[in-house]
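> The sequence and its predicted three-dimensional model are supplied below.
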Amino acid sequence: MALPERQAGKWYNARVSTKGITVTQAKEKKPSFISQINQEILKPFARKYIWWQTPEESVAYPLRVIAQVMNIGTFSHMQALALQVGDDVLKEALFYAEAGWFNERSWFYWHYRLELSEIGRVPPLPVRRFA
């Protein structure tokens with residue numbers, strides 16, 4: 001029986017048998033709402049919150065821009081982003097988050113704000129795994 005596991009924003013199939021555990025990368029699940037976002041609305045956020053790249057480079061990976069605003073943005077910028085992209089996109093940013101995208105405080109805040117977790121039952125932050 002294949003058990004999906006989430007690791008660093010990707011899905012893997014893990015098979016357990018008497019011979020051990022076999023892990024293979026599954027077909028990558030694409031975000032469903034993120035493709036509907038107009039990248040132009042993300043450019044001002046990218047310019048301010050991903051200062052080490054040009055806005056054009058940053059918006060090529062919109063989930064990273066969204067996660068960065070969710071993590072270090074001002075309250076007014078977070079609210080503006082939420083109004084422009086919607087809660088479903090913010091949920092996708094959490095689901096596909098990679099290690100280092102969120103600090104613990106923001107991770108908890110957004111899980112509670114988007115009603116993804118009950119108090120005290122927030123999933124752990126994504127971590128890097130090395131083979």
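That came through fine.
> so Gly86 sits right up against Gln36, yeah?
No: with contact taken as C-beta atoms under 8 Å, Gly86 and Gln36 are classed as non-touching, separated by 9.1 Å. C-beta: built from backbone N, CA, C; applies to glycine.
> Which one of those two is surrounded by more residues?
Higher neighbour count among Gly86 and Gln36: Gly86, with 14 against 11, using other C-beta atoms under 10 Å.
> what's that one in contact with, if anything?
When contacts are counted by C-beta atoms under 8 Å, 6 or more residues apart in numbering, Gly86 is found next to Phe33.
> now swap in Ile34 and tell me
With C-beta under 8 Å, 6+ apart, Ile34 has these contacts: Pro62, Leu63, Val89, Glu92.
> pLDDT value on the first one, please?
By that I understand Pro62. Listed pLDDT for Pro62 reads 95.
> what sits up against the host helix or strand of Tyr109?
Remark: Tyr109 resides in helix 104-113, with elements defined by DSSP states H and E. Counting by C-beta under 8 Å, 6+ apart, helix 104-113 makes contact with Met70, Asn71, Ile72, Leu90, Leu94, Phe102, Leu116, Ser117, Ile119, Val122, Pro123, Leu125, all of which sit outside it.
> Checking the fifth one next. Helix, strand or coil?
Going by DSSP: H, G, I helix; E, B strand; the rest coil, the secondary structure assigned to Leu94 is helix.
> just checking, it touches Leu116?
Yes: distance between Leu94 and Leu116: 6.8 Å, which falls inside the contact criterion (C-beta under 8 Å).
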